[in-house]
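Undergrad: Sequence and predicted structure are below.
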Amino acid sequence: MTEQGVRWTAEQVLALAPDDASRKAGGRLGGAGPWSQTGGSASGAVWGLCKGSGSTPYRTVVDLAGPAYKCSCPSRKFPCKHALGLLLLWAAEGLGEPAEAPDWAGEWLAERAAKAARPAAAAAGPADPEAARRRAERRAARIGAGVTELEQRLADLLRGGLAGQEQAGYAAWEETAARMVDAQAPGLAARARELGTIPSCGPGWPARMLEEAALLHLLDRAWLGVSDLPEPLAATVRGRVGLPSSAEGEEEVVRDRWLVLAQYDTASPDGRLTTRRIWLHGLASGRPALVLDFGPPGRPPGLALPVGLVLEAEARFRPGSAGLRADLGERFAAAEPCGAAPVGVSTGAALDAYGAGLALDPWLESWPVVLGPVVPIPGPPGDAGWQVADAEGTSALPVAISGSAGRSRAGLWQLAALSGGDPVTVFGECGHRGFTPLTAWQAGSSEPVALV
């Protein structure tokens, strides 16, 4: 594989940066000046020595198939500025013909290959079905007690009315969430915390709080009758409550070439956890996939996939979740640019897809869709009335100014500028509050633009 396959663009490299500071620092190391003994392998790895402030240069190696990073610098950021600089150098100039990795890089790459080849169940002993059944029954009983308590909390909320929630503050809902954690129902805990944040989210909050309370009540009632539900819906309920996927049934494994459509981070209401959402599209199967990764306080999630790259890999879909939630399994080649924009659908087809998803998962916030060709239409000054309309002007979708992606009006003006009044292709999330644009492609271009 000459020059480690098709090289990435600088934008795709910088999309891996954990923060703006790393992005700027990595950019300063993207030239040949500080680097020596650079090279790359036919299997998809690059390495080099970067001169730092000390006498010993930093040893940096990147496995492009991950991507994964190793550097001898003391930074706790992944990737560090040296890994970003090495990737920028490779993206701009290449690193010559494939070569054998030096010992310090080869050892790390060999460890990664051995770990990937190790059977997942090799170290696991035989399971005790009876013990597992007893544990499941005890947890189900705890969750049932927690659900009963949560239903009482919701009844008290409606009995007392919503008007006092702005003054009541967040503490009562945080206490409710803690009770759900004690009941081993983390999914219910997360929804309780979300309820506590709604009164401070701006105009129209009472309607949103009532909506979320109704959905939480529906989930409570579904758990109490989960044994009578069809298995796909029961798996969805168990997942929404917070039971691990291993308790839900067998995973579906799909091998495909997966196009990375979008990647963005959101913070939990208490700021303790960063969730990274990565949307994938199977080029052969046509199937969407949502991969989640999490970062503890002070550190970004470890998984980063630049938008516009394609990776050949197995996706392990979890039961329930409308067939969206997946974990990445074995990867078979280094990621490379797609070379073409995805094919879009009409706004009407997007609504049909979202409706079909709701039939599978009534708690589904949104459904991933590629719209195109569409034209963004700004709303009146000071109004949130943005739309994306089919190129023929026959139908349109309202745009969610602040949705699950936390997108702002700035991203919409970026989309309008990219369009210039001409049709574009846009990927985003279609939900009950409208369409949240995440990535766009100009007509005739294969280069994705992530919307800030």
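TA: Nice, thanks for sending it over. Numbering: from 1, shown residues only.

Undergrad: any idea of the mean pLDDT for stretch 27-37?
TA: For stretch 27-37, mean pLDDT is 91.

Undergrad: and the spatially closest residue to Arg208 that is not a sequence neighbour, what does it touch?
TA: The shortest distance from Arg208 to any residue that is not its chain neighbour, by CB to CB, 6 or more residues apart in numbering, is 5.4 Å, and that residue is Ile198. Using the backbone N, CA and C atoms, a C-beta is placed for each residue, glycine as well. Under the criterion of CB atoms under 8 Å, 6 or more residues apart in numbering, the contact partners of Ile198 comprise Gln165, Trp205, Arg208, Met209, Glu212.

Undergrad: okay, now the last one: neighbour count?
TA: Okay, so that is Glu212. Neighbourhood size, Glu212 [other CB atoms under 10 Å]: 16.

Undergrad: next one: phi and psi at it?
TA: Taking degrees, to the nearest 10, you get phi -70, psi -40 for the backbone angles of Glu212.

Undergrad: before we move on, back to that, can you give me the distance of the residue nearest to Arg208 to Leu283?
TA: 39 Å (CB to CB, to the nearest Å).

Undergrad: do Asp256 as well
TA: Remark: distance between Asp256 and Leu283 (CB to CB) = 6 Å.

Undergrad: who has more neighbours, those two?
TA: Here Asp256 and Leu283 are compared on neighbour count by other CB under 10 Å; more neighbours surround Asp256, at 20 against 16.

Undergrad: That one in helix, strand or coil?
TA: Following DSSP: H, G, I helix; E, B strand; the rest coil, we place Asp256 in the strand state.

Undergrad: rewinding a little: can I take it that the residue nearest to Arg208 is in a helix?
TA: Yes - assigned with three-state DSSP, Ile198 falls within a helix.

Undergrad: what's the neighbour count on Glu111?
TA: Other residues lying near Glu111 total 11 when counted by other CB under 10 Å.

Undergrad: Let me know the secondary structure of it.
TA: Here Glu111 is helix, with the state taken from three-state DSSP.

Undergrad: any idea of the pLDDT on it?
TA: Glu111 is assigned a predicted lDDT (pLDDT) of 88.

Undergrad: which ones are touching it?
TA: Under the contact definition (CB under 8 Å, 6+ apart), no residues are listed for Glu111.

Undergrad: Run through the stretch 301-450 of the chain and note the low-pLDDT ranges.
TA: Filtered on pLDDT under 70, the stretch 301-450 of the chain yields the residue ranges 381-384, 402-409.

Undergrad: Strands along that one, start to end?
TA: Using DSSP state E, counting those that start in this stretch, the strands of the stretch 301-450 of the chain run over 309-317, 326-331, 336-337, 366-377, 387-390, 396-398, 424-431, 434-442, 449-450.

Undergrad: what's the closest non-adjacent residue to Ser75?
TA: Closest residue in space to Ser75, ignoring its immediate chain neighbours: Lys81 at 7.1 Å, by CB to CB, 6+ apart.

Undergrad: If you could redo that for Ala389, that was the one I meant.
TA: Take Ala389 and drop its neighbours on the chain: the residue closest to it by CB to CB, 6+ apart is Ala396, 3.8 Å away.

Undergrad: related to what we said a few turns ago, TSV for the strands of the stretch 301-450 of the chain, including distance to Asp228 and mean neighbour count?
TA: Compiled in TSV, the strands of the stretch 301-450 of the chain are given as follows (distance: least, CB to CB, whole Å; neighbours: other CB atoms under 10 Å):
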stretch	distance to Asp228	mean neighbour count
strand 309-317	25	20
strand 326-331	28	18
strand 336-337	48	20
strand 366-377	27	22
strand 387-390	41	20
strand 396-398	36	18
strand 424-431	29	24
strand 434-442	35	23
strand 449-450	44	19
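
Undergrad: helix, strand or coil for Leu216?
TA: helix.

Undergrad: Which neighbouring elements make contact with whichever helix or strand Asp156 is part of?
TA: Asp156 belongs to helix 129-160 when elements are defined using DSSP states H and E. Taking 3 or more CB pairs under 8 Å, 6 or more residues apart in numbering; DSSP states H and E as the contact definition, the neighbouring helices and strands of helix 129-160 are helix 171-182, helix 186-197, helix 205-224.

Undergrad: Tell me which of those helices approaches Gln442 most closely.
TA: Taking CB to CB as the measure, the helices and strands packed on helix 129-160 were each checked against Gln442, and helix 205-224 came out nearest at 34.6 Å.

Undergrad: What are the buried residues along the closest one?
TA: Neighbour-count burial for helix 205-224, counted by 16 or more other CB atoms under 10 Å, picks out Trp205, Arg208, Met209, Glu212, Ala213, Leu216, Leu219, Asp220, Ala222, Trp223.

Undergrad: For the next helix or strand after it, buried residues please.
TA: Scanning forward in sequence from helix 205-224 by DSSP H and E, the next helix or strand is helix 231-241. Neighbour counts using 16+ other CB under 10 Å place Leu233, Ala234, Ala235, Thr236, Val237, Arg238, Gly239, Arg240, Val241 of helix 231-241 among the buried residues.

Undergrad: okay if I get the strands of the stretch 301-450 of the chain as TSV plus distance to Gly48?
TA: TSV is the format used below for those (distance: least, CB to CB, whole Å):
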stretch	distance to Gly48
strand 309-317	21
strand 326-331	23
strand 336-337	21
strand 366-377	37
strand 387-390	44
strand 396-398	47
strand 424-431	34
strand 434-442	31
strand 449-450	27
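
Undergrad: now for those strands, which one comes closest to Lys115?
TA: Counting by CB to CB, Lys115 lies closest to strand 326-331 out of the strands of the stretch 301-450 of the chain; the figure is 11.4 Å.
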